[in-house]
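Chemist: Predicted structure and sequence below. I'll ask about it afterward.
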Amino acid sequence: MRKFVVAAIGLALMGSVARADDLVVYGAGSLREAIGQIATEFGHSHGLTVTTQFGPSGRMRERIEKGERVDLFTSADVGHARKLVEDGRASVMTVFVRNTVCLLSPAKFGATPATVLDRLVAPGVRVGMSPPKVDPLATTPSACLG
């Protein structure tokens, strides 16, 4: 299973850059750390002021639809970026990174490549997800080994 992260890019998402040395970047909250660091480094390297705002990608898309000027929008949801392009609010949409989703489970769970989907939807199975850099297995292995 793959999660696609896309960008709706345009030197104008229905507007022009306010000043030649400004760049406005909106992004999904899950991309805050990575895109924030890239934006900071890009700004320093090119002598630009880069302003970033992050939040739920659907809400960020809605803000753009209401007329907020944005130069770059990053989202883990292809649909949000696609809608901005289809509506003429962005000029380009492109995949810039891919993420592989992995399953980590104790052996007694019985997940194999052939059985993983059946095991995940079996009655009584609870599935949890960890956000980046928060790994419950690293801090509480006994919770998973049982």
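Modeler: Great, that's in hand.

Chemist: what about the protein, any weak spots by pLDDT?
Modeler: 1-21, 99-101, 130-146 (pLDDT under 70).

Chemist: Quick check: longest helix in it by residues?
Modeler: helix 32-46 (DSSP state H).

Chemist: Residue 93 touches residue 80, doesn't it?
Modeler: No - assessed by CB atoms under 8 Å, residue 93 is found out of contact with residue 80, at 9.7 Å. Placement of C-beta: from N, CA and C, glycine included.

Chemist: These two: who's more crowded?
Modeler: Between residue 93 and residue 80, counting by other CB atoms under 10 Å, residue 80 is the more crowded of the two (23 against 20).

Chemist: which residues does the more buried one contact?
Modeler: Residue 80 sits next to 8, 57-58, 60-61, 73 when contact means CB atoms under 8 Å, 6 or more residues apart in numbering.

Chemist: can you pull out the strands in this protein?
Modeler: 2-9, 22-28, 49-55, 72-75, 92-100 (DSSP state E).

Chemist: For the last one, what is the distance to the chain centroid?
Modeler: Averaging C-alpha coordinates over strand 92-100 and over its chain gives two centres that are 9 Å apart (CA atoms, centre = their mean, to the nearest Å).

Chemist: Compute the inter-axis angle for it and helix 32-46.
Modeler: 130 degrees (axes from the mean of the first three to the mean of the last three CA atoms, to 10 degrees).

Chemist: on contacts alone, who are the packing partners of strand 92-100?
Modeler: Strand 92-100 is packed against strand 2-9, helix 78-86, with contacts defined by 3 or more CB pairs under 8 Å, 6 or more residues apart in numbering; DSSP states H and E.

Chemist: Adjacent strands (with direction) for it?
Modeler: Here strand 92-100 is paired, per DSSP bridges, with strand 2-9 (antiparallel).

Chemist: Please apply the same query to the shortest one.
Modeler: Taking DSSP bridges as the criterion, strand 72-75 sits next to strand 2-9 (antiparallel), strand 22-28 (parallel) in its sheet.

Chemist: distance between it and the chain's centre?
Modeler: 8 Å.

Chemist: hey, C-alpha coordinates of it in PDB?
Modeler: Output of strand 72-75 as PDB, limited to C-alpha atoms (Å, rounded to 0.1, in the frame of the first residue of the first chain):
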ATOM      1  CA  LEU A  72       3.000  26.100  -3.100                       C
ATOM      2  CA  PHE A  73       0.500  23.700  -1.500                       C
ATOM      3  CA  THR A  74       1.500  20.200  -0.200                       C
ATOM      4  CA  SER A  75      -0.900  17.500   0.600                       C
END
